[in-house]
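S.K.: Sequence and predicted structure, then a few things I'm wondering about:
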Amino acid sequence: MKPCGLVGRSLSHSYSPALHALLGAYEYRLFELVPQALSSFLQAGEFSGLNVTIPYKEAVLPLCHELSPRAAQIGSVNTILRRADGSLWGDNTDAEGFDWMLKRSGIAVSGRKVLVLGDGGAARAVRHVLAERGAESIITISRRGEDHYGTLHRHRDAEVIINTTPLGMYPNTGASAVALSQFPACRGVLDLIYNPARTRLMLEAQAREIPCAGGLSMLVGQARAAAALFSGAPVSDQRAEDALRHMARQSENLVLVGMPGCGKSRVGWAIAAATGREFVDTDHRIEEAAGCDITTLFRQEGERGFRLREQKLLAQLGRESGLVLATGGGCVMVEENEASLRQNARVVFLQRPLGQLAREGRPLSQAGDLEWMFAQREPLYRRFSDFTVENQGEPEAVAARIWEGFCEAFGD
Ligand code: NAP
């Protein structure tokens, strides 16, 4: 069997090789192609099967000798099989992926008014499924259409919002096509973006207690359907669920918050050592960048200068994947840091009795009243975090308890 793989323009952040390794037993490669190379690559046929991503899902249509009915109907191809006679058969598994995402989310669309943001290839697959699942009306919001972002007030009664635009996707996280405050009847939000795990739109839905889901399950669902085509055998629900859990856990950061001197750096380092993850201590990063220690930095730039540096750093690190992050004790005092940290992480509040906190090299702990500081910050640590762990015992044992909680958060 020749290799399978993914064709696209820019693939350095692709999850597909890791995902297909979990779903099938074939070689899977990345084929980064410039547009001029697409046709000759497909004609040369040095592959058994391909996935196709941005910007080629429509460009490959005329290069396929035959299309599946759903690919023809949706008007885009994300999976190609090379048949024994060398001809290319194009299919679209995005619809199957979105159907799985919808089913897993528990968000009902039947009889509801659904707003689809964006009008590209993925939107067509989404609309195909929504129609099959009995949505009452499907409104597409397109910058080029009759219904655009200036006419959203016509659709305040939308009950489900689906983002199919790339707004909010890594590395430009924090952007959102709409604000949910415009849709008081909204009962469900689905975002096709899977990096970060929680886009700004999803964080807003969570804050409003609106059920929501990100695009990783769609990614796994479409890859599962492609894997079945590549290997000629169905992929079980269990295997797809395992792959989804694994990918979610691998891609998210583990963040430690808590009082200054509670042991975040030592425990964070122990988690990284045990799991092979990269460890970043944000205070150390700030010191490195500033060329002086935190005490000097506070003297030179004041707390405000330090907080600005910290906020910028958290915005950068928070959108990365697979890190263990030990944060500074006061990062919860800046509201914007919550979204930066939570967009792609499970956050742990590391707690330790005040009498046991280390104070050395920590200007605010030395200067102030720790009890007052804790009273002010504790609700914020709780708001920022997904679960709490007591820092009692050896760092390695505490690290193991945190890792267990982190894995549990993904259903492991
Ligand atoms: P696409 O064909 O390029 O379409 C994206 C659409 O989004 C465009 O047609 C455009 O619609 C809108 N858009 C683009 N830039 C925008 C901006 N700056 N502001 C507002 N709207 C903008 O891409 P696609 O293949 O449909 O993919 C879209 C997104 O879905 C990507 O983020 C992709 O990663 C994600 N996706 C995820 C999965 C998954 O498995 N989870 C599968 C497929 C796609 P208008 O011009 O009509 O406004």
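M.R.: Alright, I've got the coordinates.

S.K.: Run through the residues that contact the residue of the stretch 51-200 of the chain at minimum distance from the ligand.
M.R.: With C-beta to the nearest ligand atom, the shortest gap between the stretch 51-200 of the chain and the ligand falls at G120, namely 1.8 Å. Glycine gets a C-beta too; all of them are placed from N, C-alpha and C. G120 is in contact with 164-165, counting by C-beta atoms under 8 Å, 6 or more residues apart in numbering.

S.K.: oh, and call the first residue 476 from now on, that's how I've got it
M.R.: Understood, numbering begins at 476; the last thing we discussed is G595.

S.K.: And it, what's its pLDDT?
M.R.: G595 carries a pLDDT score of 91 in this model.

S.K.: same thing with M677?
M.R.: Per-residue pLDDT puts M677 at 98.

S.K.: tell me which element it falls in.
M.R.: Using DSSP states H and E, M677 sits in helix 675-682.

S.K.: Other residues contacting that helix?
M.R.: 636, 638, 643, 648-655, 661, 664, 666, 673, 686-689, 814, 817-818.

S.K.: Excluding chain neighbours, give the residue nearest to L486 in space.
M.R.: L505 (4.6 Å; C-beta to C-beta, 6 or more residues apart in numbering).

S.K.: Report how many residues lie close to S585.
M.R.: S585 sits with 9 neighbouring residues when counted by other C-beta atoms under 10 Å.

S.K.: any idea how far A610 is from it?
M.R.: According to C-beta to C-beta, to the nearest Å, S585 and A610 sit 7 Å apart.

S.K.: go on, P659?
M.R.: Counting by C-beta to C-beta - P659 and A610 are separated by 19 Å.

S.K.: Looking at the two, which one has more neighbours?
M.R.: A610 (22 against 10).

S.K.: give the contact list for P646.
M.R.: Here P646 is in contact with R794 (C-beta under 8 Å, 6+ apart).

S.K.: Closest residue of the stretch 676-825 of the chain to the ligand?
M.R.: Closest point on the stretch 676-825 of the chain to the ligand, by C-beta to the nearest ligand atom, is G690, at 3.0 Å.

S.K.: number of nearby residues for that residue?
M.R.: G690: 25 neighbours (other C-beta under 10 Å).

S.K.: Can you read off the pLDDT for it?
M.R.: The predicted local confidence for G690 is 98.

S.K.: Check whether it really touches W575, as I assumed.
M.R.: No - the pair G690 / W575 is not scored as a contact, 11.2 Å apart, by C-beta atoms under 8 Å.

S.K.: Within range of the ligand, give me the residues from the stretch 576-725 of the chain.
M.R.: By C-beta under 6 Å from any ligand atom, the residues of the stretch 576-725 of the chain that approach the ligand are 593-598, 617-619, 639-642, 644, 652, 667-669, 690, 693-694, 697.

S.K.: Which of those residues fall within helices?
M.R.: Among those, the members falling in helices (DSSP state H) are 596-598, 693-694, 697.

S.K.: most neighbours, which of the residues you listed?
M.R.: Busiest of those [other C-beta under 10 Å] is M693, holding 30 neighbours.

S.K.: residue ranges with poor pLDDT in the protein?
M.R.: For the chain, the stretches with pLDDT under 70 are 836-843.

S.K.: can you rerun that using 90?
M.R.: For the chain, applying pLDDT under 90 flags the ranges 476, 488, 620, 829-847, 887.
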